[in-house]
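Visitor: whatever this is, show me its structure:
(chains A, B and C)
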Amino acid sequence: MRLDHISFELKGGEILGIAGVAGNGQDEMFAALSGERLSKDPGTVVIEGIAAGHLSITGRRKLGAAFVPEERLGHGTAPRMKLSENALLTGHAASGMVRHGFIDTAATLETVDKATETFDVRKAKRDPEAASLSGGNLQKFIVGREILRNPAVLVVNQPTWGVDAGAAAVIRQALLDLAAAGAAVLVTSQDLDELVEITDRIAVMFHGRLSVPLPTREATREKLGLLMGGSSLEPKEAAHAAGA
Amino acid sequence: MQLVLEKRAERSNTIALISPLIAIGLTIVTMVILFAILGKNPLLALDAYFIAPLTDGYSLQEIAVKATPLVMIAIGLSLCYLANAWNIGAEGQFLIGAVAGSWIAVKTQGTDAGAWVLPAMLLLAAAAGALYALIPAICKVRFGASEILTSLMLVYVADLFLDYLVRGPWRDPHGFNFPTTAEFDPVATVPLLIDGGRLHLGSIIALLVVAAAAILLGRTIKGFEIRMVGAAPRAARFGGFNANQLVILTFAVSGALAGLAGIIEVAGPVGHLQPGISPGYGFTAIIVAFLGRLNPIGILIAGLFLALTFIGGEQAQIAMKIPLDVTKVFQGILLFYVLACDSLILYRFRLVFPNRQVARGTG
Amino acid sequence: MELVEAIILSVLAASTPLLIAATGELVTERSGVLNLGVEGMMIMGAACGFAGAWLTGSILIGALCGIAAGTLMSLVFALMALGLAVNQVATGLALTILGIGLSGLIGAGFVGERITPAAHLYIPGLTDIPLIGHVPFGEDAFVYLSLALIVGVWWFLYRTRPGLILRACGDNHVSAHALGYPVLRIRTLAAMFGGACAGLAGAYLPLAYTPFFIPGMTAGRGWIALALVVFSSWRPGRLVVGAYLFGAVTILQLHAQGWGVGIPSQFMSALPYLATVIVLVLLSRARTGGSTAPAALGTVFVPDR
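Guide: All right, here's what the predicted structure looks like:
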């Protein structure tokens, strides 16, 4: 799917929801925002006022961005690696887990403990392999791992996909708390109820295009449904900016 | 009723620990059968292979000497394999290292060059091995050419190049036309650890390499990157790790180690450059790397064990006329069993009754 | 002019084992299995093929022994890589290491022995035509067989339903499995075909190419066959071109050595290997748009139950 003229801005303290049927460019947009797919033009992504389109995912994390991909196993975590190692996976750039190239094992374990405690991650032992956790518990760990880094911007793809109701509630509350603390949060989800519950504004993705965001209060199911079907989309001309 | 393979929820640490032992056990059982087929007394053969070499000092030293190149090469290969980069041309990198280091030895032959000769040889050999390994790595990263095939093709090229040198420009004029250089000067020779013994400085270097690799993989972010890129490529990209960069790095390091092993072998136990300086160290090291479970300490143990089979094989040939090829068969079978047993770390067998399968459904 | 004919004949002879082995591996890889053990299966085919022919005096039985040896080796591979879900690269390497050792052991007793090589076709009149007679009408049976084999494989892959299913397994084993095809069984059969071909290709060497066995006589041909499959973009037609081009390089460098070109013989001998590297690089470079390899090539498949 080609992304076409997508442009939006995200302010601190706000949760923007992206609705839409899967396969309409959500994964591509995640890759473009995270830096897994790089742009030649630095201005395509702006984080905290700094042009970041040319920066790698590590560079963007250093600017205060955090990312939670849709797939838990194999993308968000390495399935056969321990949680502490998976904490290091996204924490190595900016959270004191690495000194002079050496790993501070205590610091990585501490992150696991903190995520476990704060987000109620249930597991059989202190530092198990990622693949041994249930979907909900692993998702709580992944979201927790990112939130513990105090991000200025959090980009989440399908935060509660295939997750049990209890874990989903914990994760949604965590996103609300993060926004309340002043962070900008972008949630892509296929679950309209979820978006209505936690977001301030909702935009719809269709065929690689993004609609103008509606305030969530005004976003009725009918309106969103029409947009998801591809009608009355107003293309935006500029192709830049997401800032907190 | 059907036997099927099934993923385990979590890797089995028990099996991870004992699987090399099971593999060795199964290999020995297979070898007993093979010895019996060859008409040799299996017990005597096993004794010649595994026990006799351990009972005298000379053989023990010889095991350490043989293990030295195996361990050094296998450590480098393990880094590649962990990063999912398939360097199988270590044999060629070994030979090129030997050639490059020997160049200094040949050029300074008979001059009053001082103690700098050997360190320079080691450095040049490592650099040459690394550069030679970078050819397949760069072909892979830049052009997407299979590093497996290119690195292997370069083994044959290196072999022919060495052959050319010792039959042509570097041949010892007093060597009765044998394809070999003259014996290296003492300053170009790896010093022995025990006077009159076989053990040389190379073994110490190999131990240092093991220690360095253990620290790299266990304690540093670079080592973590290497493991992550191999274990979960997409997650590694999400973590911000550059797989191509790691292909280059691991190939360069493994090439350097193979090259170093090459010059140590030539300037140590062999003493001059000639064809056939390696009984396939570069390939046997692949077995060592897997038998050692791509873990530095494991590789040290596996290297000593494989070296034992080399020495044992020689002794069995002398004492019982068992062909040397049996050693290669042994090593090949061992690798098979190691890989098979490793599979049980991640999977387990289960009996399935087809008629109930439907009722269970999927999920 | 006789020299030209002799060169063409020797190119055909040098290309035939490459073509046979690569044809087998092409089918294997088309099913999604990467068997890097071609060299090991070939050398086993050479040892067992020679042993069979020497013991019975029959080239045919020798060839069958080679096929059997290659097939057995590929079964070991299938058991490991498909049955036990072991990494295919590592298993292929293991197969090669084992094959080299085992063939040395089997062949040891036959080193120094000679056999009468496979007979060449002779049709009075036709074969005798100068220049153009020998090439089409004066080859040994293996040459004709190799061509029949590649035509058969092309027909099978693109014109039959089983061929379509085999390719489906190679492109997406999950959907092939979902459609109810026995992925692992199909792959095992494809791997066995690859083994049989590699064994036959190996047997060709001592039965027709040189009438004796020496350890390690395959000299990397199995690896070159693997490279040829990449060269061919997994298409039978291009495989034939690649194999003959490759045979030509091998033979021309041999002749160049004979003509006393002022280049050391080792450098000429290195040419086929260097050519392989260069061709792999050029091809991969030309294909930056996307790989033509079967999408599931070399990946582990453990069906959900």
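
Visitor: helices and strands of the chain: which one has the lowest mean pLDDT?
Guide: No chain specified, so I'll use chain A. Least confident helix or strand, chain A: helix A:221-228 with a mean of 82, by mean pLDDT, DSSP states H and E.

Visitor: wrong chain, I was asking about chain C
Guide: helix C:134-137 (a mean of 67).

Visitor: how about residues contacting the least confident helix or strand of chain A?
Guide: Helix A:221-228 is contacted by residues A:19, A:20, A:21, A:192, A:202, A:204, A:206, A:211, A:214, A:232, A:233 when judged by CB atoms under 8 Å, 6 or more residues apart in numbering or on different chains. Heads up, the C-betas are built off the backbone N, CA and C, glycines and all.

Visitor: convert the C-alpha atoms of it to CSV, please.
Guide: Backbone C-alpha positions of helix A:221-228 (Å, rounded to 0.1, in the frame of the first residue of the first chain) are rendered in CSV as follows:
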residue,chain,number,x,y,z
ARG,A,221,-20.2,5.2,14.1
GLU,A,222,-22.0,6.2,10.9
LYS,A,223,-19.5,8.9,10.1
LEU,A,224,-16.6,6.7,10.8
GLY,A,225,-18.2,3.8,8.8
LEU,A,226,-18.6,6.1,5.8
LEU,A,227,-15.0,7.2,6.0
MET,A,228,-13.8,3.6,6.4
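
Visitor: ok so, going back, would you mind giving the contacts of helix A:221-228 as a markdown table with distance to residue B:284 and secondary structure added?
Guide: As requested, the contacts of helix A:221-228 are arranged in a markdown table below (distance: CB to CB, whole Å; DSSP: H, G, I helix; E, B strand; the rest coil):
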| residue | distance to residue B:284 | secondary structure |
| --- | --- | --- |
| A:19 | 59 | strand |
| A:20 | 56 | coil |
| A:21 | 55 | coil |
| A:192 | 61 | helix |
| A:202 | 62 | strand |
| A:204 | 61 | strand |
| A:206 | 59 | strand |
| A:211 | 63 | coil |
| A:214 | 67 | strand |
| A:232 | 69 | coil |
| A:233 | 64 | coil |
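
Visitor: buried members of the residues you listed into PyMOL, please.
Guide: Per 16 or more other CB atoms under 10 Å in any protein chain shown, the buried members of the contacts of helix A:221-228 correspond to this PyMOL selection:
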select buried, chain A and resi 19+20+192+202+204+206+211+214+233
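
Visitor: adding pLDDT and distance to chain B, write the contacts of helix A:221-228 out as a markdown table.
Guide: Formatted as a markdown table, these follow (pLDDT from 0 to 100; distance: CB to the nearest CB, whole Å):
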| residue | pLDDT | distance to chain B |
| --- | --- | --- |
| A:19 | 91 | 24 |
| A:20 | 86 | 22 |
| A:21 | 86 | 23 |
| A:192 | 89 | 26 |
| A:202 | 93 | 26 |
| A:204 | 90 | 26 |
| A:206 | 88 | 26 |
| A:211 | 86 | 28 |
| A:214 | 87 | 31 |
| A:232 | 58 | 35 |
| A:233 | 47 | 30 |
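
Visitor: just put the contacts of helix A:221-228 in JSON lines and tack on distance to residue B:229.
Guide: Output for the contacts of helix A:221-228, formatted as JSON lines (distance: CB to CB, whole Å):
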{"residue": "A:19", "distance to residue B:229": "35"}
{"residue": "A:20", "distance to residue B:229": "32"}
{"residue": "A:21", "distance to residue B:229": "33"}
{"residue": "A:192", "distance to residue B:229": "38"}
{"residue": "A:202", "distance to residue B:229": "37"}
{"residue": "A:204", "distance to residue B:229": "37"}
{"residue": "A:206", "distance to residue B:229": "36"}
{"residue": "A:211", "distance to residue B:229": "38"}
{"residue": "A:214", "distance to residue B:229": "42"}
{"residue": "A:232", "distance to residue B:229": "45"}
{"residue": "A:233", "distance to residue B:229": "40"}
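
Visitor: so stretch A:131-151, near chain C or not?
Guide: No: Stretch A:131-151 stays clear of chain C (CB under 8 Å from any CB of the partner chain), getting no nearer than 14.2 Å.

Visitor: these two touch, right, residue B:213 and residue B:74?
Guide: No: at 9.8 Å, residue B:213 does not count as touching residue B:74 under the criterion of CB atoms under 8 Å.

Visitor: and the residue of chain A most remote from its centre, how far is that from residue A:70?
Guide: Relative to the centre of chain A, the most outlying C-alpha is that of residue A:100, 29.1 Å out, by CA atoms, centre = their mean. To residue A:70, residue A:100 is 35 Å away according to CB to CB, to the nearest Å.
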